[in-house]
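Peer 1: Fold the following and give me the result.
(2 chains)
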Amino acid sequence: MSNKIHVSTKVNGDAVEFLCDPRETLLDVLRDRLNLTGAKEGCGTGDCGACSVTVDGRLICSCLMLGAEAEGKEIGTIEGVAEGGELHPLQRKFIEHAALQCGVCTPGILVAAKNLLEKNPDPTEEQVRYWLAGNLCRCTGYDKIIRAVLDAAEEMRGAA
Amino acid sequence: MSVHRSLGHDSGTLHVTGAARYVDDIPTPSNTLHLAFGLAGIAAGRITGMDLSDVASAEGVIAVLTADDLPFANDVSPSVHDEPLLSDGTIHYLGQPLFLVIATSQLYARKAARLGKISVQETPPILTVEDALAADSRFEGGPVVWSAGDAKTAMKASPHTVEGRFEVGGQEHFYLEGQSSLALPQENGDMVVHCSTQHPSEIQHKVADALGLPMHAVRVETRRMGGGFGGKESQGNALAVACALAARATGRPCKMRYDRDDDMMITGKRHDIRIYYRVGFDKSGRLQAVDFKHFLRCGWAQDLSLPVADRAMLHADNAYDLPDIRIESHRLKTNHQSATAFRGFGGPQGMIGIERVMDHVAHELGMDPLAVRRANYYSEAGGPSAPPHPPEDIFRQKKKNRTPYGMEVTDFVLGALTDKLEGSSGYQARRAAVAEWNATHEVLKRGLALTPVKFGISFTLTHLNQAGALVHVYQDGSVMLNHGGTEMGQGLFLKVAQVAAEVFGIGVAQVKITATDTAKVPNTSATAASSGSDLNGMAVRAACQTIRDRIAAHMAQSGHCAPDEVTFAGGQVRAGQKQVSFAQAAQSAYQARVSLSSTGFYKTPDLQWDRVKGKGRPFYYFAYGAAVTEVVIDTLTGENRILRADILHDAGRSLNPALDIGQIEGGYVQGAGWLTTEELVWDGQGRLRTHAPSTYKIPACSDRPDVFNVDLFDNENRENTIHRSKAVGEPPFMLGISALMALSDACAACGPHYPGLDGPATPERVLAAVRRARDGI
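Peer 2: Residues are numbered from 1 along each chain as shown, chains lettered A, B, ... in the order given. Model prediction:
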């Protein structure tokens, strides 16, 4: 058995410690050790975006980062997007616009969209389309996803 | 009313919070083992030796199984027992599972699976259509031929003829959730299997056979899939059987999830097709004779290839009344992954042949392809109760308004639908604008096309058109619903819950949607052929009506009225002067010892189909739609984009317009992907070179058309379907054909010759087509 590495990090604002194999990806750590199964493995090569999370505010594919690299970082996952029982405006708008079908891409798209709106609260339609170009969806055809993101952005600007 | 409303997906909150559980998310016992297959590295040959000692001694490995270790049936095929789970000595394709590794983690299993030393004696693989024809390598004895009228004679009599060869590639399903299964051993040798499958009953059947158990000893549960598209109709069998065998062998829970690359290397895809066509027509574009030859590469095993190829033949007419026609279909056996079901199930491959013909004929005559399409449409259906078309008795000629397989088309609405879409999309003005653009621009050329869809609804294997349901009403008025359909994101569970809520006059929130479970509803058909809500909606309604009638009979006693005067609406039950909540009615019925549980059953009426002769009524009805796509191509690079898409689609009286529009948008984009960016490339050794999203490109968010208008066509189903709705899973896929035809239109603007654009229209193929348009070959 390989030597395990001890890692201290923050996930969705909570201090977390875990032991992991040096070869384990952050995605595997989240899913198998921390029971945060919202991030999905769609390809394992950073091409589909289903495993999207943020690390210190930067959007990444968690299948391309090692769990050990999370030491001292702040990780944000889909499980931290709703606050308490209250859904984030993006989450509400995805439901309202029927912007989801099978749901496997949904967590990654929401993490990516939230990250976009934090950097750019007033994106154009084209900016949304290209920001989300790294998140594949096989079901919806993307139209409702873009509408939902733009609608959420508008609501959030109104509330700000 | 809970039906005909745009309610949001029942799992919406779970999806947006990441809490929805797929098979790989189910918490497992800590002693769970993980599996991986060792795969063949050549496309054809015999195994002369397998040295698996390094595999067995690798870190974390518990056991390694080969075909010799399997106690009972070594078969995972859905039909003719020609798919061994693990190779029996013959290698049929590059990627075929040879041995099974059982290890303590997925990583260990996958690493160990690479360590097998396999000695082989290679034989030349059969890869191309030519290879297969030369070797007469095919399923069924020879080609299947269906005809109506006399195409040969009619061809000779036609004033004009045109012929061509057309190829369209296959397609990877790319369900975002890969194949996965989890088997949990039970007492007394029983097995519980969680599986991402469209067909739990088949999984149950195959697992039972592999374990030497009766079906009642195996329970299969499917809560949801992360996409299916036909790729989880039969392709999940191998994982479920492997998990069950490993669980039996080790006594521990076993899980298997294909890595994306393995998934693409192992599982089947859409059939590619080559079509030779020859047609005769008059100067108005009316077709007088049609001859099609279909060549489908089916891969190594039969799987579902015969009904897929049949459905291609059944859609060779699409929306057009073709007088004399002959269709010949070759189902070729090749050393590839076994091509399988994929949304449309052969329909797209058949339909695109005649759309290519329309495009080619229009080019020959210098007409707008839309005018040629219209000139060949079936006759429009009359009013809602129009009598059937009187049969015409012309010797040897196909009867008018009948399909080549002899089914009368009584519900045709594409005339009106096309008129409406032509207007709403501004087709004529844009046709002129495209012509003007092309006249004044050298490098960028635009194209526009409107193509129709007429898609037959029902399983062509008639006995599959049945469904069962199980409904319980509890004494607090809450309802538990179960049926044989599976949820893969399409919203079937919600639609069926809407049907149940409607019967009881309660809100959908009072209805609990539960996982598909072979222990609750037995002998189910796959959730396929777009049949999910048609079949299961009816079965659930029957079950609910049985319970409602019992409650009504009970309430009628105290209300002093007839049972059929008892009403259920707005959460209230009214009997005579008495009105109580549904919950109170359920409580009262329970105390009066009335059974509040029932099964329901449905079978589609009026079907009869002889697939050998190719005659009968295989479909209950047709679903219709049409799309206008505008594209632009760069004639220097072949790069292309969809600029705008306008869609009008017939979902009957939609059970849930929001879900149906979602199916239409997603179907169109997936269909356009098939014909533009999604290219499967096998090399000369039969190795799939596009086995990951890095090289296999499904449409991305940035590919969405700038303008995307989607509407439902108001058209109640003439047949007595659930609330007069129509099936909507597959038909919109074929709206994507308009993208290829628009690209063909853009290529045709580059020169005088017909561009003969094949699919997928990658930049490479677009460039070749531009050159053909300019220089003629």
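Peer 1: for the residue of the stretch 351-500 of chain B found nearest chain A, phi and psi?
Peer 2: Relative to chain A, the nearest point of the stretch 351-500 of chain B is B:Gly489 (2.8 Å; C-beta to the nearest C-beta). For every residue, glycine as well, the C-beta is placed using N, CA and C. Main-chain torsions, B:Gly489, degrees, to the nearest 10: phi 110, psi -10.
Peer 1: per-residue pLDDT, the residue nearest to it when sequence neighbours are not counted?
Peer 2: Closest residue to B:Gly489 apart from its sequence neighbours, by C-beta to C-beta, 6 or more residues apart in numbering or on different chains: A:Cys102 at 2.8 Å. At A:Cys102, the model reports a pLDDT of 98.
Peer 1: near chain A, which residues of the stretch 101-250 of chain B?
Peer 2: The interface of the stretch 101-250 of chain B toward chain A, taken as C-beta under 8 Å from any C-beta of the partner chain, is made up of B:Leu107, B:His173, B:Phe174, B:Tyr175, B:Leu176, B:Glu177, B:Gly178, B:Arg224, B:Met225, B:Gly226, B:Gly227, B:Phe229.
Peer 1: Next up, the contacts around whatever residue of chain A ends up closest to chain B.
Peer 2: Closest residue of chain A to chain B, C-beta to the nearest C-beta: A:Gly38 (2.1 Å). By C-beta atoms under 8 Å, 6 or more residues apart in numbering or on different chains, A:Gly38 lies in contact with A:Thr77, A:Ile78, A:Glu79, A:Pro107, B:Thr17, B:Gly18, B:Ala19.
Peer 1: could you redo the last one with a cut-off of 6 Å?
Peer 2: A:Gly38 makes contact with A:Thr77, A:Ile78, A:Glu79, A:Pro107, B:Gly18, according to C-beta atoms under 6 Å, 6 or more residues apart in numbering or on different chains.
Peer 1: repeat for B:Tyr276
Peer 2: Residues in contact with B:Tyr276 (C-beta under 6 Å, 6+ apart) are B:Arg165, B:Lys293.
Peer 1: which residue packs closest to the residue of the stretch 1-150 of chain B found nearest chain A, ignoring adjacent ones?
Peer 2: Closest contact between the stretch 1-150 of chain B and chain A, by C-beta to the nearest C-beta, is at B:Gly18 (2.1 Å). Distances taken as C-beta to C-beta, 6+ apart place A:Gly38 nearest to B:Gly18, at 2.1 Å, with adjacent residues excluded.
Peer 1: doesn't that neighbour fall inside a helix?
Peer 2: No. Using DSSP: H, G, I helix; E, B strand; the rest coil, the secondary structure at A:Gly38 is coil, not a helix.
Peer 1: pLDDT score assigned to it?
Peer 2: A:Gly38 is given a pLDDT of 98.
Peer 1: Got phi/psi on it?
Peer 2: The phi/psi pair for A:Gly38 (degrees, to the nearest 10) reads phi -70, psi -40.
Peer 1: Repeat that for B:Met50.
Peer 2: Torsion angles, degrees, to the nearest 10, at B:Met50: phi -130, psi 110.
Peer 1: In contact with it, which residues are there?
Peer 2: By C-beta under 6 Å, 6+ apart, the contact list for B:Met50 reads B:Ile118.
Peer 1: Return the set of residues that bridge with it.
Peer 2: Going by DSSP bridges, B:Met50 is paired in beta bridges with B:Ile118.
Peer 1: Find the centremost residue of chain A, please.
Peer 2: A:Val111 (3.1 Å; C-alpha atoms, centre = their mean).
Peer 1: Now the stretch 501-650 of chain B against chain A: closest residue?
Peer 2: B:Ala645 (9.4 Å).
Peer 1: Let me know the distance separating that residue from B:Ala112.
Peer 2: 48 Å (C-beta to C-beta, to the nearest Å).
Peer 1: the more surrounded of the two?
Peer 2: A direct count of neighbours by other C-beta atoms under 10 Å in any protein chain shown for B:Ala645 and B:Ala112 places B:Ala645 higher, at 29 against 24.
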